[in-house]
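Asker: no FASTA, just this:
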Ligand SMILES: Nc1ncnc2c1ncn2[C@@H]1O[C@H](COP(=O)(O)OP(=O)(O)OP(=O)(O)O)[C@@H](O)[C@H]1O
């Protein structure tokens, strides 16, 4: 069990983590989600005793990291895959880690096997690809067979195969009853990996709930296609709704989206106005759109990685690449 209580961290005049309180329980993957600069890494560093809190506490099974007897046997962490000595082989790097934590040498080959690096155990870690470095980092985190695991943006820069492997791996660790906390700035990624979410923005807690609950906050909107969209637009506005052009469909035909309503209501209004419809469908806002609307005020800086706020209103054409393919 990981617990942070009123955790706060200031860097000079900047508050990076602001009065955070939450728990991370065993047996499930908890996603630690927030835009870039939200304070995820700083929070994890405080959990691992690498940064000192300005106030508040972070504990692992009730004890601050610095007071743990054999930290590697209780907590494994993957913060940065590139801290390995480049001239060491994967095996000698892990043997050195094991020796410094009184972990038997035999465990090194076990973890190399678990992460799929046994065949390259003698190769220089400096020549490893990012995916292999991540696996080596995981091997190090698993060395002490810890009950608690922290992963900071583990899928960053990985190829699709590596991403699928890491997802499955984290889920397996949780299924073994371990406490698994994994950070990401991508909601879609977390919705595929995590059972539970702790969402932060500007160092503050925004949500602490199941993935279903979080994504269930998606606003329901209605998608309409037909030959008389302008006429329908007027009728919908007269009924107090706020229709907007949506992205054209695959065949390039114009589509309208009507937020915060139901297909029944739009269908009734269309019928009353004598408007022909060719398509009428309920649609949820994409996960990224929900996330954006919840964290928009909390985004530190914009641009890149899909963190531009949704600018064009209910049409939903905010243009964030990360939202592609994430509609549910
Ligand atoms: N050592 C430091 N000195 C000064 N400011 C820092 C330091 N470390 C982090 N910060 C600032 O604290 C805030 C939170 O950063 P942090 O790295 O924890 O965020 P994050 O959510 O992990 O984002 P990212 O995914 O971009 O790393 C940022 O504004 C960052 O610039």
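Answerer: That came through fine. As the structure is a prediction and not an experimental result, all values here were calculated from the model.
Asker: for the rest of this, base every contact and every neighbour count on C-alpha atoms.
Answerer: OK.
Asker: how much space between whichever residue of the stretch 151-300 of the chain sits closest to the ligand and residue 197?
Answerer: Minimum separation of the stretch 151-300 of the chain from the ligand (CA to the nearest ligand atom) falls at residue 185, amounting to 6.4 Å. Counting by CA to CA, to the nearest Å, the gap from residue 185 to residue 197 is 12 Å.
Asker: do the same with residue 150
Answerer: Separation of residue 150 from residue 197 (CA to CA): 14 Å.
Asker: elements contacting the top helix by length along the chain?
Answerer: Counting residues, the longest helix found in the chain (DSSP state H) is helix 160-175. In this structure, helix 160-175 makes packing contacts with strand 28-33, strand 179-184, helix 187-193, judged by 3 or more CA pairs under 8 Å, 6 or more residues apart in numbering; DSSP states H and E.
Asker: packing partners of the longest one?
Answerer: Judged by 3+ CA pairs under 8 Å, 6+ apart, helix 187-193 is in contact with strand 28-33, helix 160-175, helix 287-295.
Asker: now the angle from the following helix or strand past that helix to strand 28-33?
Answerer: Going down the chain from helix 187-193, the next helix or strand is strand 196-201, by DSSP states H and E. Strand 196-201 and strand 28-33 meet at an angle of 10 degrees, taking axes from the mean of the first three to the mean of the last three CA atoms, to 10 degrees as the criterion.
Asker: show me where the stretch 51-200 of the chain has strands.
Answerer: 55-60, 75-78, 148-152, 179-184, 196-201 (DSSP state E, counting those that start in this stretch).
Asker: out of these, nearest to residue 282?
Answerer: strand 196-201 (25.9 Å; CA to CA).
Asker: and the helix or strand following the closest one, which strands flank it?
Answerer: Downstream of strand 196-201, the next assigned helix or strand under DSSP H and E is strand 204-210. Neighbouring strands of strand 204-210 in its sheet, by DSSP bridges, are strand 196-201 (antiparallel).
Asker: could you tell me which residues of the stretch 1-150 of the chain lie near the ligand?
Answerer: By CA under 6 Å from any ligand atom, the residues of the stretch 1-150 of the chain that approach the ligand are 11, 16, 34, 36-42.
Asker: show only the entries of those found in strands.
Answerer: Residues of those located in strands (DSSP state E): 11, 16.
Asker: residue contacts, the residue of the stretch 151-300 of the chain closest to the ligand?
Answerer: Taking CA atoms under 8 Å, 6 or more residues apart in numbering as the criterion, residue 185 is in contact with 33-36, 153.
Asker: which one of these is nearest the ligand?
Answerer: Set against the ligand, the nearest of the contacts of residue 185 by CA to the nearest ligand atom is residue 36 (3.6 Å).
Asker: which residue, other than its chain neighbours, is closest to that closest one?
Answerer: residue 185 (6.3 Å; CA to CA, 6 or more residues apart in numbering).
Asker: could you do residue 203 as well?
Answerer: Counting by CA to CA, 6+ apart, the residue nearest residue 203 is residue 17, at 3.9 Å.
Asker: contact partners for the one you found?
Answerer: 7-10, 38-39, 42-43, 202-204.
Asker: what's opposite it in the beta bridge?
Answerer: In beta-bridge terms (that is, DSSP bridges), residue 17 pairs with residue 9.
Asker: any idea of the mean pLDDT for the helix or strand containing residue 283?
Answerer: Per DSSP H and E: residue 283 is located in strand 279-284. For strand 279-284, the mean pLDDT works out to 88.
Asker: for it, which helices and strands make contact with it?
Answerer: So strand 279-284, by 3+ CA pairs under 8 Å, 6+ apart, packs with strand 220-225, helix 263-273.
Asker: at 10 Å what do you get?
Answerer: Packing partners of strand 279-284 (3 or more CA pairs under 10 Å, 6 or more residues apart in numbering; DSSP states H and E): strand 220-225, strand 255-259, helix 263-273.
Asker: next, count neighbours for residue 248.
Answerer: 12 (other CA atoms under 10 Å).
Asker: in space, what's closest to it - neighbours in sequence excluded?
Answerer: residue 254 (4.6 Å).
Asker: the one you found against residue 229, yeah?
Answerer: Yes - here residue 254 lies in contact with residue 229, judged by CA atoms under 10 Å, at a distance of 8.4 Å.
Asker: anything in contact with each of the two?
Answerer: Both residue 254 and residue 229 are in contact with residue 245, where contact means CA atoms under 10 Å, 6 or more residues apart in numbering.
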